[in-house]
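In: give the three-dimensional model of this entry:
(2 chains)
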Amino acid sequence: MNFLTILLSASRFLFYTALGLCSLGILFVSVVIFSAAKELPKLPEPLSRIIETPKTEIYAATGERLITLGGREPVPLSRVSPDFINAVLAVEDHMFWEHSGVNKLRTLKAFYITLTNRGNRVEGASTITQQLAKNLFFSFERTYLRKFKEMLLAFQIEYSCTKEEILHAYINQIAFGAGAQGVEKAAQVFFGKSAADLTLGEAALLAGLPKSPTNYNPYRHYDKALKRREVVIARMKDAGYITDKEAQDALKIRPALHSEHADARTGSYFLDALISQLIERYGNDVVFHGGIKVTATVDSNLQYAGDTALKNGLDRLDTLMGLKPDAEPRPQGALVAIDPASGAVKAMIGGRDYYNSEYNRAVNSHRQPGSAFKPFLYYTALYKLNYSGATTMVDSPIVIPVVGSAAWEPRNFENSYRGQMVLKQALTYSVNTIAARLVEKTGPKAVTDTARVCGITSKLEDVYSVALGTSVVTPFEMASAYTTFASGGVRHEPFMIWRVEDPFGRVIYEHLVRGRKVLDPEIAYQVVDMMKSVIDLGSGKTIREMGFTRPAAGKTGTTDSYNDAWFAGFTPSLCTAIWTGFDRKRKLKISSESGITGGKIAATIWAEFMNEAMKNEPPRDFTIPDGIHFEQADPVSGCKVSDSSRAITIPLKKNQNLCTTPQY
Amino acid sequence: MTGNWYEPTKTSEFLRRILSFSNLLILCTAAAFIISELRFDWCELMIGRYLASLNSSRPETGAVWKAGEQSSRAHTFLKNIIEERQNAARYAQEATSFAELASGILPGQWANIDKEHFKRLYLSIPLPAASELITPSELIWLFNGGVVTRIFCEGKPYGLEIFFLNSANRALRQITLNSSKMEKIEKNESVFKGTLDQIPEFKGRIYHAERFFKVLLELSQDIVPDLITTPQKLINQQGTLTRAGIWNEAASGYIKLGFEFKDNNGKSVVLFIRAREWAVWHLSSNLTGN
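Out: Next up, the predicted model:
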């Protein structure tokens, strides 16, 4: 046998073996396709349907759209920056317009590399169509079977849809990280603009993210994202989409990220609380996939004013405490504003910076209110003991025996005592010993009962010290409970949702404003009068010093250890509670070691907020109930005085007079 | 055949054999197969076409369909709420008494009723019972003072809450219609211990039950439901139905019908139901032969 014969035989053997193997391979693949075909997921028709999920929209009471949830509206290719489309094609699939679902040469190469396991890596060669199939139907588990199914579906997508439809579906469903799905959302989240307005630099940065949205998240790894952008721009240049100069120019620009939409979070404490409430009521499916329209109670202007006032106030607090801007921890705060006439929550701020801490202190932080709790005590005393603002008591050291426990010996904040005074003065100057005497007479349970009917829902201890605010409550509860005084004793449940409609505009929920009279209006007015004096002359007079001149009532609150500083107060049309303090127990103190009271910072935040919130409303005083008459009284004796300059005005009920017997 | 085969001895023979027609045909076919596939992707298109033909029978599985399910669940949930609401609204609008209103709006459901409809229901019950719900003077002020824009009824486990709302959705007045109150209204509204003769408003319009029902059943079938609006009352009543009467006055589009039942002890009670005025005129004219 000569050489040629051997060569011929070998060639023939190889050729027929290859042909046979190919035939077998084709047969095998056909069998697999036939068996796998029936189990492949169904392709939606039209493909764009998959992207169209109705969005839930939440509107402020003032009409602005606050947020959209869940829904996706596909943006047409004509409204996407061509730079972005080119960038995606260059970096993900430069043969997109040519192939029919699979880039065969790249696939074979990837298959070979994977099989030979060069560099221990799995080579990827997915086209845009394959990626679309994977994103729509499959998990991210890397198996050969998944890849095979993905490839089959890519063939079907290519057969059933035009290239434009595929690209349209791809760019509208792809995940960019930070909760941004689809190019329009991504452009809004990262750059605060529409996808049509993306510049080359921005488009290239976005196009680089889908490879690894977490690792390239520009908010966290800006430099990594820029590196990835370099790759995208280089590919765009190689593919001929841009010139060398354009590439160089684009690389020089560092795109500015949109600061207000750092991620998928709502950016609002109010919205977080509202969405929780919606989920509790309707479930996740309806909230994120139902396309409902929610009209919230929040007033955007007030929310903004509250946010600004709280930030400014806490910055002032930092300065007062001598904290550097980068100091940690920094004091926090919360602000809740409620309309007393309805219970509608107009503003809710749960911390100084949402993106720094999402913890909503307005509704979740339970803190001691200190003297801000005293209005409930004074109401109870006036109601139960028929006292008035002119009833006199003595400010002096007091020891109250407690059964089974050590005696209670409350002291005044200033550690000094003023002797006899009328109750109006006692609340104005927040005298603790007189508050202790009152709770001794009324009993703590009556005080907690009053607090509860007013709207305090946290557990309150029936102990004497509750009168001085030792039981913890939230700023939301305090604002809500104070509205009962502001509305003359009528309780309105606080609420955040006015109305919920289905996607067709049919109402599925609406809030009815229902008031329930829970306090005697005359006594409530007497307490309000005392609280007005707190702002005019007492511990809250900083408010007047800050130029807030409208009729208003309120009360400061500072805990013994200066851990919490409060101011809660109201005008006839808006009730606002402010809390300041550290998240963990830590004193609010000035560098010189003296503590910071509610009148020092919380009251200034209140004044700044209320000045802004009320600026478009005419000043209005509290409605005086029919049975109330006013008398001029001496602040010490509670009797009529000849010297009117010393006199204070006291509202009295029909059956009440001045100059009653002093109470001890 | 193999017996004739011989080994090529020359290169020309070797080449001749290699480039034989059959070899070239096989090679060209294989090459054409591969090149045409690379060029025209017919294999992908064939598979794509095949899969597209099976599409409708394939399962709706995968991430996108899961998201679709969530939308679908949300849609169903909302649809149920709306349907319940629409049912409640329909019941409310069709209710001919407060009892029907309360039974039509289940706990958790709500419906708006218009002022005219509330007026009809209110005027259909005797004044003492009506006054217990809301005094006429208060109602006059609420309805005619221009403050009430709508009436909102909310089903509760214990009955019904009715709210008179202004344009700001503020409840100006609230009526609680619990079971005891409804029973009271119901009694006032529908039962009289005695005979039809003792009620002067039926004078001259009392008929034997047999004649009454014979004429009634001869009427067109679409009239009967407007005459016997609450048949369950009559069906549930113990005793023998002896006579029926027609009230001499219409109120808010309705006329009362009285049905006298006699029990085994010979005691009579009269049950009232409210029938549509126009239907009663039909019945009445057939009963009197006019």
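
In: pretty sure residue A:87 is touching residue A:210, no?
Out: No. Using CB atoms under 8 Å, residue A:87 makes no contact with residue A:210, being 10.9 Å away. Quick note: C-beta positions are derived from backbone N, CA and C, even for glycine.

In: for chain B, what is the nearest residue in the stretch 301-450 of chain A?
Out: As assessed by CB to the nearest CB, chain B sits closest to residue A:342 within the stretch 301-450 of chain A, at 7.2 Å.

In: and that residue, what are its phi and psi?
Out: phi -130, psi -30 (degrees, to the nearest 10).

In: same thing with residue A:547?
Out: phi 90, psi 10.

In: pLDDT score for it?
Out: What the model reports for residue A:547 is a pLDDT of 93.

In: contact partners for the residue of the stretch 301-450 of chain A closest to chain B?
Out: A:492, A:513, B:168, B:170 (CB atoms under 8 Å, 6 or more residues apart in numbering or on different chains).

In: quick one, longest helix in the chain?
Out: In the absence of a named chain, chain A is used. In chain A, with assignment by DSSP state H, the single longest helix is helix A:3-37.

In: can you look at chain B instead?
Out: Longest helix in chain B, counting by DSSP H: helix B:63-94.

In: quick one, what contacts the residue lying closest to residue A:582 once chain neighbours are set aside?
Out: Leaving aside its chain neighbours, residue A:582 sits nearest to residue A:331 (5.5 Å; criterion: CB to CB, 6 or more residues apart in numbering or on different chains). Residues counted as contacts of residue A:331 (CB under 8 Å, 6+ apart) are A:314, A:317-318, A:321, A:323, A:352, A:580-582, A:588.

In: next up, phi/psi of residue A:331, please.
Out: phi -60, psi 150.

In: just the one 10 residues further on next, same as before
Out: Dihedral angles of residue A:341 (phi, psi; degrees, to the nearest 10) stand at phi -80, psi -20.

In: number of residues surrounding the closest residue to it other than its chain neighbours?
Out: Excluding its sequence neighbours, the residue lying closest to residue A:341 (CB to CB, 6+ apart) is residue A:487, at 6.3 Å. By the criterion of other CB atoms under 10 Å in any protein chain shown, residue A:487 has 27 neighbours.

In: list the contacts for residue B:230?
Out: Contacts for residue B:230 were tallied using CB under 8 Å, 6+ apart; they are B:96-97, B:100, B:273-274.

In: still on that earlier bit, comparing residue A:87 and residue A:210, which shows the higher neighbour count?
Out: More crowded of residue A:87 and residue A:210, by other CB under 10 Å: residue A:87, with 29 against 20.

In: who's in contact with that one?
Out: A:200, A:203-204, A:206-208, A:232-233, A:236, A:241.

In: and after whatever helix or strand it lives in, which helix or strand comes next?
Out: If you go by DSSP states H and E, residue A:87 is part of helix A:82-92. Using DSSP H and E, the next helix or strand after helix A:82-92 towards the C-terminus is helix A:104-116.

In: which SS state does the residue in chain B that chain A sits nearest to fall under?
Out: Per CB to the nearest CB, residue B:48 is where chain B lies closest to chain A, at 2.8 Å. Recorded secondary structure, residue B:48: helix (DSSP: H, G, I helix; E, B strand; the rest coil).

In: can you count the residues close to it?
Out: 23.

In: same thing with the one 4 residues further on?
Out: Burial of residue B:52, expressed as a neighbour count using other CB under 10 Å, amounts to 16.

In: residue A:154 contacts residue A:128, correct?
Out: No. Contact criterion CB under 8 Å: residue A:154 and residue A:128 do not qualify, at 9.1 Å.

In: mind listing the strands for the stretch 101-250 of chain B?
Out: Ranges of strands within the stretch 101-250 of chain B are B:110-113, B:150-156, B:159-165, B:171-178, B:191-193, B:206-208, B:240-251, based on DSSP state E, counting those that start in this stretch.

In: start to end distance for stretch A:459-476?
Out: End-to-end distance of stretch A:459-476 (CA to CA, to the nearest Å): 14 Å.
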